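Colleague: can't give you the sequence, but here's the structure:
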């Protein structure tokens, strides 16, 4: 029973929650920022997507003698999905490749955050039922859930 309750707690903690008006999906992570980001990067590579950059915001802040809680951004994509979006509206390139932020809040909790693809392209000439939107959302959900464990 204890094992079941532990598994249930982990599963519930990993469920996404959309935060109000900002269209940002957040998941609670079960490890520190570097370990969570390592898992995310491994999941992205394992899915066959391309990692373009991993940005350590806290290291950047430290380089100018400023403090910032641990925070890293992964920039990645899949040309099959991204190209289709940019064919529908070249301005989609403003939002692509995809980005996922892993950060520690003021209470020490680590979060994984990303923008919902459907909302990300709201101001563009991209149909809400474009097949790549569902694929992007599914990929982001699957990859971040793997990283959150």
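Modeller: Yes, it's here. Nothing here was measured: the structure is a model prediction, and the numbers come from that model.
Colleague: and for residue 60, the neighbour number?
Modeller: By the criterion of other CB atoms under 10 Å, residue 60 has 12 neighbours. (C-beta placed from N, C-alpha, C; glycine too.)
Colleague: cool, residue 86 as well?
Modeller: 18.
Colleague: list the contacts for it?
Modeller: When contacts are counted by CB atoms under 8 Å, 6 or more residues apart in numbering, residue 86 touches 92, 93, 96.
Colleague: host element of it?
Modeller: Per DSSP states H and E, residue 86 falls inside helix 79-88.
Colleague: quick one, strands of the protein?
Modeller: Assigned by DSSP state E, the strands in the chain fall at 17-19, 24-28, 50-56, 71-77, 98-104, 110-115.
Colleague: can you flag the buried ones in the contacts of residue 86?
Modeller: The neighbour-count test (16 or more other CB atoms under 10 Å) applied to the contacts of residue 86 identifies 92, 96 as buried.
Colleague: residue 26: which of the contacts of residue 86 is nearest?
Modeller: Looking at the contacts of residue 86 and their distance to residue 26, the nearest is residue 96, at 20.9 Å (CB to CB).
Colleague: the closest one against residue 84, yeah?
Modeller: No. With contact taken as CB atoms under 8 Å, residue 96 and residue 84 are classed as non-touching, separated by 10.5 Å.
Colleague: what's the helix ranked longest in the chain packed up against?
Modeller: Using DSSP state H to assign secondary structure, the helix with the most residues in the chain is helix 131-148. Of the remaining helices and strands, those touching helix 131-148 by 3 or more CB pairs under 8 Å, 6 or more residues apart in numbering; DSSP states H and E are helix 2-14, strand 24-28, helix 33-46, helix 79-88, strand 98-104, strand 110-115, helix 117-120.
Colleague: find the nearest non-adjacent residue to residue 58, please.
Modeller: Taking CB to CB, 6 or more residues apart in numbering as the measure, residue 58 lies nearest to residue 68, with 4.7 Å between them; neighbours along the chain are not counted.
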